[in-house]
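Asks: coords please:
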Amino acid sequence: MPAPKMLKLPEVLEEIQMSRAAFYRMRARGNAPRLVKLPNGQIRVRRSDLDSWLNRYEDHAA
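Replies: Take a look at the predicted model:
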């Protein structure tokens with residue numbers, strides 16, 4: 001089974017058209033996709049977590 005696709009935070013921010021500050025404000029309120037901290041300290045977001053998060057907001061917009 002292949003490893004899940006992991007996105008760098010700048011890739012996520014570009015895709016959702018959001019600033020880092022706005023993203024972290026949403027995260028502080030518990031309204032952001034889950035972050036994964038790698039052993040080397042880098043931050044990633046699983047593609048599946050980002051897609052689920054986006055779908056949740058898509059449902060609310062309809």
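
Asks: So what touches the helix or strand of the chain with the lowest mean pLDDT?
Replies: Each helix and strand of the chain was given a mean pLDDT (mean pLDDT, DSSP states H and E); the minimum falls on helix 47-61 at a mean of 84. Outside helix 47-61, the residues within contact range by Cβ atoms under 8 Å, 6 or more residues apart in numbering are 4, 5, 6, 7, 12, 15, 16, 32, 33, 34. All C-beta spots, glycine's among them, are computed from the backbone N, C-alpha and C.

Asks: Got a PyMOL select line for the buried ones in those residues?
Replies: Selection of buried members from these for PyMOL, criterion 16 or more other Cβ atoms under 10 Å:
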select buried, resi 7+12+16+32+33
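
Asks: The contacts of helix 47-61 into CSV, with extra columns for distance to residue 40?
Replies: Listed next are the contacts of helix 47-61 as CSV, based on distance: Cβ to Cβ, whole Å:
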residue, distance to residue 40
4, 18
5, 18
6, 12
7, 16
12, 18
15, 23
16, 24
32, 22
33, 20
34, 18
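
Asks: Among the contacts of helix 47-61, name the ones in helices.
Replies: 12, 15, 16 (DSSP state H).

Asks: Check the secondary structure at residue 44 for me.
Replies: Here residue 44 is strand, with the state taken from DSSP: H, G, I helix; E, B strand; the rest coil.

Asks: For the closest residue in space to it that isn't next to it in sequence, which residues are in contact?
Replies: Using Cβ to Cβ, 6 or more residues apart in numbering and skipping residues adjacent in sequence, the residue nearest residue 44 is residue 6, 4.0 Å away. Residues in contact with residue 6 (Cβ under 8 Å, 6+ apart) are 36, 44, 45, 46, 47.

Asks: Can you lay out those residues as a markdown table showing neighbour count and distance to residue 54?
Replies: Formatted as a markdown table, these follow (neighbours: other Cβ atoms under 10 Å; distance: Cβ to Cβ, whole Å):
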| residue | neighbour count | distance to residue 54 |
| --- | --- | --- |
| 36 | 14 | 17 |
| 44 | 18 | 17 |
| 45 | 23 | 11 |
| 46 | 17 | 13 |
| 47 | 15 | 11 |
